[in-house]
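Asks: Could you work out the structure for the sequence below:
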Amino acid sequence: MKLIESKIITLSILVSAIFSIMCSAQNLPVIKKGGAASQLFVNGSPFLMISGELQNSSASTLSYLEPVWDDLNEMNLNSVFVPVAWEQFEPEEGIHDFTLLDGMIEKARDNNLKLVILWFGTWKNGYSSYTPMWVKKDIKRFFRLKDKNGGNLHRISAFCKEAMIADARAFSVMMKRIKEIDKEQTVIAVQINNEVGIKQDIDYGKESLKLFQSPVPTVLLDYLAKNKETLNDELKTVWALNGYKTKGIWTEIFGDNPSAREFFMAWHYANYLNEIARQGKREYNLPMYVNAALVHYRGELPGKYLCGGPVARVMDIYKAAAPDIDLIAPDIYDPNFKSVCAEYTRFDNPLFIPECTTDEGKAFYAFAEHDAICFAPYAIDYRTSNVEFAMAYSVLHELSPMILKYQGTGKMHGILREKDEKNVQFSMGKYIIKVNYGNEEKPCYGLIIQEDEDAFIIAGINFSVVFSAADEKNIGSIGQVWEGVYKDNKWVLSRLLNGDDTGHNRVLRASGRKMFSAGGESLMALAPSIYKVSLYNYE
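Replies: I've put the predicted structure just below:
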């Protein structure tokens, strides 16, 4: 009897342990597809990353970071991107220093912030400047990229297996450490290296040139054939010009041109990065992404930008070569913000912006128009005096439950004036909505959500909205406009905007609202207003 009871107890413990492990795995941060959009889930719930990235050297010591944590809270972030440099993490081969990693996780947790770890390993902005001294000095083992004249450049070659093995090993140790100490899931995602690529069309080292004359991998060719109708236009065009061949060396498939060399370099960078991700995920399966320095204009030649990096034109190559990488993310410093967002938003690649200029309007637009998972301006710790940005982020926190609810539904639009634009018009249900941009000297941005057939949420600043009926036989008009705020996810009325403030029910003017410091003693900024609008439609 005792033996049976013992076995039952043992089985019970085993089942309990398995269940615990399954629950833990299920609650890991993960990107899930829901409807037409993908969202990041943290602790089992969707999480909108209202974020920022620290300046590269800010996380090199805990003492330098100490005063930054309060500043991040005042900026109204819910998450922050922090670098971990390979040279500090593994100063001697096989000897790892967890001081910075452990300290940042602890301080982020204390300040109720989530972390994204930026692994500055083999490459940062294409250079190998964040590698340990034992890597930098050993040029034979960790060989460099070659220029046309056979000279070494300050970049480790993507064909260096020893470097890939060493990088992946160090990264795996870091991921294992995060799993050991981060029981509260403070770390929610990880970046694999940073803005990889080369400032020339190909690596002229012997390993590279030999492989360039070898057959294009079957995995890539199968992917191209399977996804022919949805391939990036530039990749598809180059492939088409060579007759959509499915067998041959790189120049036979894509021609003897800069594009073929770029596709070749992209394939090998992607394989390198995927091996790091693959080994890291074996230790701790967090969402992982790579970031891209952008192509500045269509037709720009590889090498003018970082050739081989995960730019939009080679996104399909990365998808084929790097299945363990969850996202390809654009670093957007380009003035054409809207077009970049559209280019990096795909059915297999939700928009995730890890670096950007500090422009609050871009956050509203990305979250609403493209169902973005994240918006994070670079060097956010240097932007703490930007009060307007902090207040706009505060309003985003108010709106985030609604944004998350309506992502992927097609019932949400972003508003952002870009360059010399005057207005924008679109349909939502049985209404035509025309947004007229306001004062050209001031920021102009916001969002519109359709809650019900005749009910809309409009948030923003410095624009006006005119509603009309989609059916030309009918008239669409404003019934009421309530201004208010969201507190604890509940709508709290502030005032009813009467006829004088709406042009007698003809127009909504999003003029912004005053927001004050925590003590309410001094005016902080003019922030986006939030309105609930009721419409009616009649013949």
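
Asks: Following the record's annotation, map out the domains of this protein.
Replies: Following the assignment in automatic domain parsing, the chain carries domains at 45-203+259-406, 412-538.

Asks: With distance to V238 as extra columns, can I get those in TSV?
Replies: Placement of C-beta: from N, CA and C, glycine included. TSV is the format used below for the domains of the chain (distance: least, CB to CB, whole Å):
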stretch	distance to V238
domain 45-203+259-406	5
domain 412-538	30
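
Asks: Worst mean pLDDT among those?
Replies: When the domains of the chain are ranked by mean pLDDT, domain 412-538 comes last with a mean of 92.

Asks: from the middle of its chain, how far away would that domain be?
Replies: 27 Å (CA atoms, centre = their mean, to the nearest Å).

Asks: how about the strands in the stretch 101-250 of the chain?
Replies: Under the criterion DSSP state E, counting those that start in this stretch, the stretch 101-250 of the chain contains strands at 114-124, 144-146, 152-156, 187-194.

Asks: hmm, back to that, ok, and which of the domains of the chain has the densest surroundings?
Replies: By mean neighbour count, with neighbours taken as mean count of other CB atoms under 10 Å, domain 45-203+259-406 ranks first of the domains of the chain at a mean of 20.

Asks: Need the contact partners of stretch 422-438.
Replies: With CB atoms under 8 Å, 6 or more residues apart in numbering as the test, stretch 422-438 has contacts from 411, 413, 415, 417, 421, 444, 448, 450, 453, 456, 462-471, 474, 476, 535, 537.

Asks: let's go with 7 Å and repeat that
Replies: Residues from elsewhere that reach stretch 422-438 (CB atoms under 7 Å, 6 or more residues apart in numbering): 411, 413, 415, 417, 421, 444, 448, 450, 453, 462-471, 476, 535, 537.

Asks: and if you look at stretch 320-328?
Replies: Contacts of stretch 320-328 (CB under 7 Å, 6+ apart): 31, 192, 219-220, 223, 267, 270-271, 273-274, 277-278, 281, 287-290, 292, 310, 315, 318, 344, 349-350, 352.

Asks: swap in stretch 291-308?
Replies: 126, 158, 191, 194-201, 258, 261-262, 265-266, 269, 309-313, 328-331, 334, 340, 354-355.

Asks: Compute the first-to-last residue distance for that stretch.
Replies: 12 Å (CA to CA, to the nearest Å).

Asks: tell me how far it is from the chain's mean position?
Replies: Relative to its chain's centre, stretch 291-308 lies at 19 Å (CA atoms, centre = their mean).

Asks: Same check on stretch 137-149?
Replies: Per CA atoms, centre = their mean, the centroid offset for stretch 137-149 relative to its chain is 32 Å.

Asks: so who does R509 touch?
Replies: S464.

Asks: Surely F81 touches A376?
Replies: Yes: contact criterion CB atoms under 7 Å: F81 and A376 qualify, at 5.6 Å.

Asks: Report the set of residues contacting both of the two.
Replies: S51, E53, P354.

Asks: In CSV: those, plus distance to S45 and secondary structure.
Replies: Putting the shared contacts of F81 and A376 into CSV (distance: CB to CB, whole Å; DSSP: H, G, I helix; E, B strand; the rest coil) gives the following:
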residue, distance to S45, secondary structure
S51, 17, coil
E53, 24, strand
P354, 22, coil
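
Asks: Let's have those in JSON lines, adding distance to A510.
Replies: Below are those laid out as JSON lines (distance: CB to CB, whole Å):
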{"residue": "S51", "distance to A510": "25"}
{"residue": "E53", "distance to A510": "29"}
{"residue": "P354", "distance to A510": "29"}
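
Asks: Just to check, R513 is in contact with A527?
Replies: Yes: in this structure, R513 is within contact of A527 by CB under 7 Å, at 5.8 Å.

Asks: So which of the contacts of stretch 320-328 sit within helices?
Replies: 219-220, 223, 267, 270-271, 273-274, 277-278, 281, 315, 318 (DSSP state H).

Asks: closest to F143 among these?
Replies: N271 (17.0 Å; CB to CB).

Asks: which ones are touching the closest one?
Replies: A321.

Asks: and with 10 Å instead?
Replies: Residues in contact with N271 (CB atoms under 10 Å, 6 or more residues apart in numbering) are A158, F159, M164, P217, V219, Y318, A321, A322.

Asks: ok, so of these, who is nearest A372?
Replies: Of those, the one sitting nearest to A372 (CB to CB) turns out to be Y318, at 19.2 Å.

Asks: quick one: the closest one from A37, how far?
Replies: 21 Å (CB to CB, to the nearest Å).

Asks: go on, E453?
Replies: Following CB to CB, the distance that separates E453 from A37 is 22 Å.

Asks: Without its sequence neighbours, what residue ends up closest to Y269?
Replies: G308 (4.5 Å; CB to CB, 6 or more residues apart in numbering).

Asks: And that neighbour, its phi and psi?
Replies: With angles defined as degrees, to the nearest 10, G308 sits at phi 100, psi -10.

Asks: Might you report the residue contacts of G197?
Replies: 123, 125-126, 155, 158, 262, 265-266, 269, 292-293, 302-303, 305-311, 314.

Asks: biggest separation within the ones in helices among the contacts of stretch 320-328, which pair?
Replies: L220 and K281 (21.8 Å).

Asks: Please name the bridge partners of the spatially closest residue to N194 that is not a sequence neighbour.
Replies: Distances taken as CB to CB, 6+ apart place K124 nearest to N194, at 4.5 Å, with adjacent residues excluded. When assigned by DSSP bridges, K124 has beta-bridge partners Y127, N194.

Asks: Check the gap between K124 and Y64 for me.
Replies: From K124 to Y64 the distance is 19 Å (CB to CB).

Asks: same check, this time on N505
Replies: 55 Å.

Asks: what about the residue nearest to N194, distance to W267?
Replies: From K124 to W267 the distance is 21 Å (CB to CB).

Asks: show me the contacts for the residue nearest to N242 when sequence neighbours are not counted.
Replies: Nearest non-adjacent residue to N242, counting by CB to CB, 6+ apart: G255, 5.2 Å away. Each residue near G255 by CB under 10 Å, 6+ apart is listed here: V238, W239, L241, N242.

Asks: give me that answer again for 7 Å
Replies: G255 neighbours (CB under 7 Å, 6+ apart): V238, L241, N242.

Asks: try H96
Replies: With CB under 7 Å, 6+ apart, H96 has these contacts: F89, E90, V173.

Asks: now with 6 Å?
Replies: E90, V173 (CB atoms under 6 Å, 6 or more residues apart in numbering).

Asks: Please name every helix or strand in contact with the helix or strand where I530 lies.
Replies: Secondary-structure element containing I530, defined by DSSP states H and E: strand 529-538. The elements that strand 529-538 packs onto, with contact taken as 3 or more CB pairs under 6 Å, 6 or more residues apart in numbering; DSSP states H and E, are strand 455-461, strand 475-487.

Asks: Columns distance to K430 on top of those, output as TSV?
Replies: TSV is the format used below for the helices and strands packed on strand 529-538 (distance: least, CB to CB, whole Å):
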stretch	distance to K430
strand 455-461	12
strand 475-487	7
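
Asks: Could you name the stretch from these that's closest to A372?
Replies: It is, among those and with distance given as CB to CB, strand 455-461, at 15.9 Å.

Asks: Quickly run through the sheet partners of the closest one, with directions.
Replies: strand 445-452 (antiparallel), strand 529-538 (antiparallel).

Asks: okay, those strands in TSV with distance to G94 next?
Replies: Output for these, formatted as TSV (distance: least, CB to CB, whole Å):
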stretch	distance to G94
strand 445-452	50
strand 529-538	55
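
Asks: out of those, nearest to D102?
Replies: The nearest among the strands paired with strand 455-461, by CB to CB, is strand 445-452 at 38.7 Å.

Asks: thinking again about what came up before, ok, of the contacts of G255, which come out buried?
Replies: Among these, those scoring as buried are V238, N242 (criterion: 16 or more other CB atoms under 10 Å).

Asks: just the contacts of G255 now: which is nearest E360?
Replies: V238 (38.6 Å).
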